[in-house]
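> kindly return the folded structure for what I paste below:
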Amino acid sequence: SKDDRLGVMAYQNFTPWRGASATVGFDFDVYSGEIPVSGGNNHTEGSMSTIGRKRITEYSPYVTLSQSVAGDLLNVNGGLRMANSDMFDTQWVPQIGVALNPGRGFNVKGTVAMGYRNPSFRELYLYRMANPDLQPEKMMNYELSVGKHFSRYLTAGITAYYSRGHDMIQVVDNRNVNTGRFINKGIEVTANSHPLDHLRLYASYSYLHTSLTGLVGAPVNQYYIGAELTLWKRLKIAADLKGVGGLYVAPDVHDQNYALLDMKLTYGICRYVDIFTRLENMTAARYVINRGYDMPGFTAMGGFKVSF
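Numbering: from 1, shown residues only. Below you'll find the model as predicted:
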């Protein structure tokens, strides 16, 4: 394919009055592309493997405003974006949030926001999965979280969310399609610890319930356990275990349940140069994310990083 993209992002941050911050911005994008030849055959009208030149223009002015009250005790923020496209109707996209810090390490946050996304150029036109009849994704999301910093040994938080929307885009039988109406709800729990100056620990768990049957790429359960250890100021060892349960792939593929163990070693040769090696899927777990494409087993790689 021959693809082009032109994009411009402009924004200005300013302080309209005490305790407030605001942003006014404008995003502009033009996407175009074509597949003139496939398999040695030139494009013909109605071909599924080639396309003529297509073009999409999108632009979105937006504004955000945040106001602090009584110092850091309360923060209220909101925003509004106008999403415009030469393919779809104009959509107003609002959001509002509140953050409360009552003290003693507690914080409470709540948000109500609309999610909106036009189909991408690839989803509409490129390759076999393309579907030029796709509609934009749209949903309303409600989220509430509570966190507590107990000490350097433990910081924990829990988040509950509820999403209601329609036309989520996913791949079904090798074709991009809209899902129709859906409701997603779930919880996320996180915990971090810094028990030693050179050791950090992380853990998280999430649960998702969806009204859709066969939602691709959205596992029911996920967990993550990680650790970072620094030795002699130069050697850094990072290891993590990621687990997935109840991942739907396709009707003829069993739901996927797997765990991945990864490790990364980084050594600072000098102030400017680090060398590293990364070991992925160390237990050679077998799993599939996209039907027909088994994911790699054990993988090792190495390299160096230069910083100036």
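
> where does the prediction get shaky in the stretch 1-150 of the chain?
The stretch 1-150 of the chain contains residues with pLDDT under 70 at 1, 35-51.

> go again using 80 as the cut-off
Per-residue confidence of the stretch 1-150 of the chain (counting by pLDDT under 80) places the weak regions at 1-3, 33-53, 126-128.

> which residues of it fall in helices?
121-125 (DSSP state H, counting those that start in this stretch).

> so where do the strands sit in it?
Taking DSSP state E, counting those that start in this stretch as the criterion, the stretch 1-150 of the chain contains strands spanning 2-14, 20-35, 37-38, 41-42, 51-69, 74-85, 91-103, 106-117, 137-151.

> redo these as JSON lines? Include distance to residue 170.
Bear in mind the C-beta positions are built from the backbone N, C-alpha and C, glycine included. Conversion of the strands of the stretch 1-150 of the chain to JSON lines gives the following (distance: least, C-beta to C-beta, whole Å):
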{"stretch": "strand 2-14", "distance to residue 170": "23"}
{"stretch": "strand 20-35", "distance to residue 170": "21"}
{"stretch": "strand 37-38", "distance to residue 170": "25"}
{"stretch": "strand 41-42", "distance to residue 170": "30"}
{"stretch": "strand 51-69", "distance to residue 170": "20"}
{"stretch": "strand 74-85", "distance to residue 170": "21"}
{"stretch": "strand 91-103", "distance to residue 170": "20"}
{"stretch": "strand 106-117", "distance to residue 170": "13"}
{"stretch": "strand 137-151", "distance to residue 170": "10"}
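
> burial measure for residue 208, as a count.
18 (other C-beta atoms under 10 Å).

> coming back round to it: among the strands of the stretch 1-150 of the chain, which is nearest residue 249?
Counting by C-beta to C-beta, residue 249 lies closest to strand 137-151 out of the strands of the stretch 1-150 of the chain; the figure is 20.6 Å.

> could you spell out the sheet neighbours of that closest one, each with its direction?
Strand 137-151 has these partner strands in its sheet, going by DSSP bridges: strand 106-117 (antiparallel), strand 154-166 (antiparallel).

> mind listing what's buried in that strand?
Of the residues in strand 137-151, those scored as buried under the neighbour-count criterion (16 or more other C-beta atoms under 10 Å) are 137, 138, 139, 141, 143, 145, 147.

> the fourth one against residue 162, yeah?
This means residue 141. Yes. Residue 141 is within contact range of residue 162, at 7.5 Å (criterion: C-beta atoms under 8 Å).

> and the nearest residue in space to residue 233 that is not next to it in sequence, how far from residue 258?
Using C-beta to C-beta, 6 or more residues apart in numbering and skipping the chain neighbours, the partner closest in space to residue 233 is residue 268 (7.7 Å). Relative to residue 258, residue 268 is positioned 34 Å away (C-beta to C-beta, to the nearest Å).

> what about residue 84, distance to residue 93?
Taken as C-beta to C-beta, the span from residue 84 to residue 93 is 11 Å.
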